[in-house]
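Enquirer: Would you be able to build a 3D model of this:
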Amino acid sequence: MRLLILMLTGAFILAGCGDTDEVPIDEPESRETEKETTEVVEEEGNTESEEMSNADSGENREAESDGEETENETVEEPAEPVNVMDGIEVVAGYWINYSGEDDARGHMIRTNPIEYNAGQDYTVTTASYVSYFYGDEFIKTNNYGHDGPHIIESVPEADRLIVSFSEPEKDTVQLINEALEDASAGNEVNTTPDELIGRGQPVEEGMTGTIMFGQDFLTGDDVFTGERIDDEGNFVDDESYYVTGALAYKTSEDYIITAPAYISYYSGRRFIETVEITAVPAYLPEVNGANYINISFQENHLLDLNIIELE
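Expert: I've put the predicted structure just below:
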């Protein structure tokens, strides 16, 4: 009996210990948490994948766009040579002679003026005369008298050309705006005597001389505001103009003016004429008998006006 009681008591004790050590697990909640965690991870993974995919797509689109831009970029090809005489009217029965005169010759033809850029080469394809001008001011005429093609002389002082040629050459003569491969240079014969060669536009490169006045002069008491000298030698009111006092002038010297202006020439106090200068730099016109000049100029040229007496 006592043994039975001890056995039963031991059984109860063992049962009680087993209940105390066991930790209950809420399986449904754990599974839901695990599922939620898994879904969050999957969503983050999907988001990262989408972002990477979008980034890749963007890079692909940029690459495609760059490729398209590269394909669409036009490669500039060298311009084809042009016959600059095309479309230029010609005058039959005349040529420009060594003095720059429009000379009547029944067997000759000349072009009207052609724009000229001394910074590039030109080729005349057959025997001809090439006359150089700066505006209407004649510079010289060169003779390219045998066959061709010839690379014509570069004349920096010129901005226009006239080509004269004999009637038999009218179907073959061209003036090409580049040096052709089979053309040669240095074949010109200058048919204008040295004493008749015009100066054309001044070339500033290598120019040396003495500046006749500085900015101190232009802002000093010898410059008057609000007036200019007209074509009759009268001082007239003009708010936008300045006029200088008298400046010494010698017909034996060459002068360059660097800004547009009116130049009024005097012999002592006697007025001779007023000349307008628009394209600069320019030589002052030579006026015989003059020994003084006055310069009328607009206010906006105050800082860039100078007269240079060339050496």
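Enquirer: State the mean pLDDT of stretch 211-228.
Expert: Mean pLDDT, computed over stretch 211-228, is 86.
Enquirer: again, but for stretch 149-157
Expert: 96.
Enquirer: and what of stretch 273-280?
Expert: Rounded mean pLDDT across stretch 273-280 is 93.
Enquirer: Would you indicate which residues of that stretch are buried?
Expert: 274, 277, 280 (16 or more other Cβ atoms under 10 Å). Placement of C-beta: from N, CA and C, glycine included.
Enquirer: Please apply the same query to stretch 146-156.
Expert: Buried residues in stretch 146-156, counted by 16+ other Cβ under 10 Å: 148-153, 155.
Enquirer: Just give me the neighbour total for residue 238.
Expert: 16 (other Cβ atoms under 10 Å).
Enquirer: Also residue 300?
Expert: 10.
Enquirer: residue contacts, it?
Expert: Counting by Cβ atoms under 8 Å, 6 or more residues apart in numbering, residue 300 touches no other residue.
Enquirer: where does it fall, helix, sheet strand or coil?
Expert: helix (DSSP: H, G, I helix; E, B strand; the rest coil).
Enquirer: And the pLDDT for it?
Expert: pLDDT for residue 300: 93.
Enquirer: which residues of this structure score low on pLDDT?
Expert: In the predicted model of the chain, residues 1-76, 78 satisfy pLDDT under 70.
Enquirer: repeat that with 90
Expert: Counting by pLDDT under 90, the chain shows low-confidence ranges at 1-80, 145-147, 195, 199, 201, 203-208, 211-222, 279-280, 302-303, 311.
Enquirer: can you list the domains in it?
Expert: If you go by automatic domain parsing, the domain ranges for the chain are 90-196, 209-310.
Enquirer: mind checking the end-to-end distance for the shortest one?
Expert: Domain 209-310 has its terminal residues 4 Å apart, counting by Cα to Cα, to the nearest Å.
Enquirer: gap between that domain and the chain center?
Expert: 31 Å (Cα atoms, centre = their mean, to the nearest Å).
Enquirer: how close does the spatially most central residue of the chain sit to residue 183?
Expert: Nearest to the mean C-alpha position of the chain, by Cα atoms, centre = their mean, lies residue 119 at 13.2 Å. With distances taken as Cβ to Cβ, to the nearest Å, residue 119 is found 18 Å from residue 183.
Enquirer: try residue 150
Expert: Taken as Cβ to Cβ, the span from residue 150 to residue 183 is 6 Å.
Enquirer: okay, and the common contacts of the two?
Expert: residue 123.
Enquirer: What segments of the stretch 151-300 of the chain are helices?
Expert: 215-218 (DSSP state H, counting those that start in this stretch).
Enquirer: how about the strands of it, start to end?
Expert: Along the stretch 151-300 of the chain, the stretches classed as strands by DSSP state E, counting those that start in this stretch are 160-166, 175-176, 184-185, 189-190, 209-211, 223-229, 235-244, 247-248, 255-257, 261-267, 270-277, 282-283, 292-298.
Enquirer: can you tell me which of those strands comes nearest to residue 142?
Expert: strand 189-190 (5.8 Å; Cβ to Cβ).
Enquirer: Can you tell me the strand partners of that closest one and which way each runs?
Expert: strand 137-144 (antiparallel) (DSSP bridges).
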